[in-house]
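A.B. asks: below is the sequence, then the predicted model.
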Amino acid sequence: MFKKLKFLIYTRAFIYIAYYIIRIYSLTFRLKVVNEDKWQDLLKLGRPILLCTWHQQFFSAIQHFKTYSKLNPGLMISQSKDGDLISGVARKTGWHTPRGSSSRGGKKAMNAMIKHLKTFGLGAHIVDGPTGPIGKVKAGVIKMALETDALIVPFYTHADRAWFFNSWDKFMLPKPFSKVILTFGDEIHFASDNTSTNFEDHLQELETTMLPGLILKQS
């Protein structure tokens with residue numbers, strides 16, 4: 001019975017239903033978007049943009065990110081079964097989804113994301129996903145930014161009322177009708193200098209920049 005239920009979760013029909021449940025649920029949020037125009041103006045000028053967030057906070061942005069579908073955005077998603085569900089929902093919102101992670105299919109997906117950024121100019125990345133640990137930025141985001149000369153734009157979502165799951169990422173689910181603020185940070189540019197020391201410095205700088213936006217303690 002459990003195996004049958006698990007199979008149904010990853011069917012096309014379930015993904016279709018999940019997408020509309022997420023969309024309807026997200027429409028209850030009283031959403032406020034902060035500092036979005038700045039990176040969009042840079043995108044119009046031809047600068048590649050890589051939007052980045054913590055795994056904890058991506059759910060709250062799904063509905064709003066549908067508005068970017070006309071920009072041909074890309075998002076790398078793991079090849080896990082959970083990734084199948086997330087990828088299906090993302091595609092329904094108009095996002096392209098190269099599949100892979102640091103442990104499976106990563107090189108192929110990374111190359112696809114780099115090609116996508118060079119072609120269309122807009123992508124997003126979950127910096128500590130798909131398995132954490134929480135608050136630890138992985139190297140993929142720096143590689144993508146350096147290979148494409150993309151500007152990294154961190155974003156954060158916070159809710160005045162939310163549930164936090166007992167998972168590795170302390171996943172945040174805003175409660176219905178809560179006030180949700182989606183805030184885009186200032187763009188970060190890392191110049192490519194082909195040294196491992198500076199690569200690690202870039203990684204640490206991004207992590208230090210983004211950590212204050214991570215919710216580690218529930219209020």
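C.D. replies: Sure, I can see it. Quick caveat, the model's predicted, so the values are computed rather than measured.
A.B. asks: switch to C-alpha atoms for all contacts and neighbour counts from now on
C.D. replies: Will do.
A.B. asks: tell me how far Asp149 lies from Ala13.
C.D. replies: Counting by C-alpha to C-alpha, to the nearest Å, the separation of Asp149 from Ala13 is 39 Å.
A.B. asks: neighbour-wise, which of these two wins?
C.D. replies: Comparing Asp149 with Ala13 by neighbour count (other C-alpha atoms under 10 Å), the higher total belongs to Asp149, at 19 against 11.
A.B. asks: how much space separates the more buried one from Ala112?
C.D. replies: Between Asp149 and Ala112 the distance is 16 Å, computed by C-alpha to C-alpha.
A.B. asks: would you map the helices across this structure?
C.D. replies: Across the chain, reading from the start of the chain, the helices by DSSP state H fall at 2-9, 12-26, 37-44, 62-65, 81-92, 106-120, 140-148, 196-210.
A.B. asks: where are the low-confidence patches of this structure?
C.D. replies: Along the chain, the parts satisfying pLDDT under 70 run over 1-11, 78-83, 99-106, 194-196, 217-219.
A.B. asks: who does the longest strand anywhere in it touch, helix- and strand-wise?
C.D. replies: Secondary structure of the chain read by DSSP state E shows that its longest strand is strand 151-159. Packed against strand 151-159, as judged by 3 or more C-alpha pairs under 8 Å, 6 or more residues apart in numbering; DSSP states H and E, are the following elements: strand 49-53, strand 179-184.
A.B. asks: what would those look like in CSV with distance to Pro73?
C.D. replies: What follows is those, written out as CSV (distance: least, C-alpha to C-alpha, whole Å):
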stretch, distance to Pro73
strand 49-53, 9
strand 179-184, 16
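A.B. asks: of the ones you listed, which stretch is the most buried?
C.D. replies: Counting by mean count of other C-alpha atoms under 10 Å, strand 49-53 has the highest mean neighbour count of these, with a mean of 25.
A.B. asks: okay, angle between that one and helix 106-120 too, please.
C.D. replies: Here the directions of strand 49-53 and helix 106-120 differ by 130 degrees (axes from the mean of the first three to the mean of the last three C-alpha atoms, to 10 degrees).
A.B. asks: run me through the strand neighbours of strand 49-53, direction for each.
C.D. replies: When sheet partners are counted by DSSP bridges, strand 49-53 sits next to strand 122-126 (parallel), strand 151-159 (parallel).
A.B. asks: now the shortest one: how far from the chain's centre is it?
C.D. replies: For strand 122-126, the distance from its own C-alpha centre to the chain's C-alpha centre is 6 Å (C-alpha atoms, centre = their mean, to the nearest Å).
A.B. asks: what lies in contact with that strand?
C.D. replies: With contact meaning C-alpha atoms under 8 Å, 6 or more residues apart in numbering, strand 122-126 is reached by 43, 48-55, 58, 71-76, 113, 116-117, 141.
A.B. asks: list only buried entries from the residues you listed.
C.D. replies: 43, 48-55, 58, 72-76, 113, 116-117, 141 (16 or more other C-alpha atoms under 10 Å).
A.B. asks: over to the residue lying closest to Thr131 once chain neighbours are set aside: give its phi and psi.
C.D. replies: Distances taken as C-alpha to C-alpha, 6 or more residues apart in numbering place Trp168 nearest to Thr131, at 7.4 Å, with adjacent residues excluded. Dihedral pair for Trp168: phi -60, psi -30, per degrees, to the nearest 10.
A.B. asks: if I look at Trp168, how far off is Leu146?
C.D. replies: Here the distance between Trp168 and Leu146 works out to 29 Å (C-alpha to C-alpha).
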